[in-house]
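1. Here is my input; please provide its structure:
(one chain, ligands or ions: 2)
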Amino acid sequence: MSDSYDSKDLSWGEEALCAQPAHSDMREKMFSTDPEDKHEAKNLCFTCDVRDECLRYALENNIIWGIWGGKDKDELRRALSLSSEGKEIRRNRAPQCPRCSARTSRLHTKIKDLPNGGRWTTARMVECRECGFEWRSRTSANAVDAYHTARAEKRAKRQRDREKLIAKGKALRATASPGSQK
Ligand code: SF4
Ligand SMILES: [Zn+2]
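-> Numbers count the residues shown, from 1 in each chain. Ligands and ions are numbered 1, 2, ... in the order given. Predicted coordinates:
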């Protein structure tokens, strides 16, 4: 993947399978609540050449309705760490990779150059180290950073507790040794 990122490139839309006349019946199914329709729509996405671009577009535009890139609204919300009302959830709802379902520990944030971003010169991206998928989202990035910060804090606390136990053990041994009782 390159070190710069073009958020304005929408040329992938021309290859969208659901936009081809042969699949015109699928447009409605993309937004249906019927489980069978959803299943059919998702199956079409899995044969679409621009699935990654479509999924990335939905994530980058906070779209949490319909099926995009083979993912439904609940899966999109999860990746974006958004509640059903579209509100940001930073903690306790860490996203999985929306493409390969890798765990949050495999997701990391990074900064990329944004040549066509107008007043923004860089983009904060989330990258999956399992499948290489990456997307630009403030809410996903916040949730992923919060997850790693919480993990680092837990690790540091465990280390402090361990050091305290070792120090306590040493003090007890020193008290119990014959020389210390004189
Ligand atoms: S991935 Fe699915 S929703 Fe997206 S363009 Fe392809 S067929 Fe349409
Ligand atoms: Zn992934």
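2. Select the longest helix from the chain.
-> The helix that spans the most residues within the chain, counting by DSSP state H, is helix 138-176.
3. got the CA positions of the worst-scoring helix or strand of the chain on mean pLDDT in PDB?
-> Scoring the helices and strands of the chain by mean pLDDT, DSSP states H and E places helix 26-29 at the bottom, with a mean of 90. Below are the C-alpha coordinates for helix 26-29, written out as PDB (Å, rounded to 0.1, in the frame of the first residue of the first chain):
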ATOM      1  CA  MET A  26     -30.400  -6.300  -6.100                       C
ATOM      2  CA  ARG A  27     -30.600  -2.500  -5.400                       C
ATOM      3  CA  GLU A  28     -33.700  -2.900  -3.200                       C
ATOM      4  CA  LYS A  29     -32.300  -6.000  -1.500                       C
END
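4. Indicate whether that helix makes contact with ligand 1.
-> No - Helix 26-29 lies apart from ligand 1 when judged by C-beta under 6 Å from any ligand atom; the minimum separation is 7.2 Å. All C-beta atoms are positioned from the backbone trio N, CA, C, and that covers glycine.
5. List the buried residues in that helix.
-> Buried residues in helix 26-29, defined by neighbour count with 16 or more other C-beta atoms under 10 Å: Met26, Lys29.
6. Likewise for stretch 12-27?
-> Quick answer for stretch 12-27 (16+ other C-beta under 10 Å): Trp12, Ala16, Leu17, Cys18, His23, Met26.
7. From the residues you listed, pick the one nearest Arg119.
-> Nearest to Arg119 among these: Trp12, at 24.9 Å, using C-beta to C-beta.
8. so who does that closest one touch?
-> The contact partners of Trp12, by C-beta atoms under 8 Å, 6 or more residues apart in numbering, come to Val50, Glu53, Cys54, Tyr57.
9. which of the residues you listed are close to ligand 1?
-> Applying C-beta under 6 Å from any ligand atom to those, one finds that Val50, Cys54 fall near ligand 1.
10. Looking at the contacts of Trp12, state which has the most neighbours.
-> Cys54 (23 neighbours; other C-beta atoms under 10 Å).
11. What does that residue show for phi and psi?
-> Main-chain torsions, Cys54, degrees, to the nearest 10: phi -70, psi -50.
12. who's in contact with the nearest residue to it once chain neighbours are set aside?
-> Leaving aside its chain neighbours, Cys54 sits nearest to Gly69 (4.2 Å; criterion: C-beta to C-beta, 6 or more residues apart in numbering). Gly69 makes contacts with Cys45, Arg51, Asp52, Glu53, Cys54, Leu55, Arg56, Tyr57, Ala58, Pro98, Arg99, as judged by C-beta under 8 Å, 6+ apart.
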